[in-house]
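>>> quick check, what structure comes out for this input:
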Amino acid sequence: MENASKALIIAGAILLAILLISLGIMIFTQAQDTVTNSGMSEAEIQSFNSKFTKYEGKMKGTMVKSLVQEVLSNNGNENNAERKIKMKGTDIGCANYSETPTTSGIKNNKTYTVKMEYATTGGSDTSSGRIYQITVD
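Residues are numbered from 1 along each chain as shown. Below you'll find the predicted structure:
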């Protein structure tokens, strides 16, 4: 009887050890996936950029107003905190990239040149290939 109880205790300890090792491997794998997928995927970057690239190039003031509204909508979304877009241009009220753009100074019939700047480094705040700055001249 004594040998049987020791055998059950040893079997239980082995099962517990296997369970702990499996749990450790699972946690390690999940942590590794989080580190490698910290930025946006290619599809997410393309989808994000497509909202803004249609405004790139020479545009009338009405289209620039739409662009500013699109940027303000994107920047106002709390889920996009790390995906905010900065804008610069005299008619949109932004002398530098730190100001909030407005549509009040945009003239509807004037032609503007819109240039997009794409991030070249990966990371949590800038995913490589994502639009992060727009200049309106």
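>>> tell me which stretches of the protein form strands.
If DSSP state E is used as the criterion, the strands of the chain fall at 57-60, 86-88, 111-118, 131-136.
>>> which among the ones you listed is found nearest to Q30?
strand 131-136 (29.0 Å; C-beta to C-beta). For every residue, glycine as well, the C-beta is placed using N, CA and C.
>>> pLDDT (mean, whole number) over that closest one?
For strand 131-136, mean pLDDT is 90.
>>> out of the strands of the chain, flag the one nearest I10.
Closest to I10 of the strands of the chain is strand 131-136 (C-beta to C-beta; 59.6 Å).
>>> so what touches the closest one?
Identification of contacts with strand 131-136 by C-beta atoms under 8 Å, 6 or more residues apart in numbering yields 48-49, 52-53, 64, 67, 71, 84-89, 91-92, 97, 112-119, 126.
>>> if any of those are buried, give me the ChimeraX selection for them.
In ChimeraX, a selection of the buried entries from the contacts of strand 131-136 looks like this (16 or more other C-beta atoms under 10 Å):
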select :48,49,52,64,67,71,85,86,87,88,89,91,92,112,114,116,119,126
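>>> returning to what we had before: next, format the strands of the chain as TSV and append distance to L19.
TSV is the format used below for the strands of the chain (distance: least, C-beta to C-beta, whole Å):
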stretch	distance to L19
strand 57-60	60
strand 86-88	50
strand 111-118	47
strand 131-136	46
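>>> now the residue nearest the centre of the chain: closest residue in space that isn't a chain neighbour?
The structure's the chain has its C-alpha centroid closest to R83; by C-alpha atoms, centre = their mean the separation is 4.5 Å. Nearest non-adjacent residue to R83, counting by C-beta to C-beta, 6 or more residues apart in numbering: F48, 6.7 Å away.
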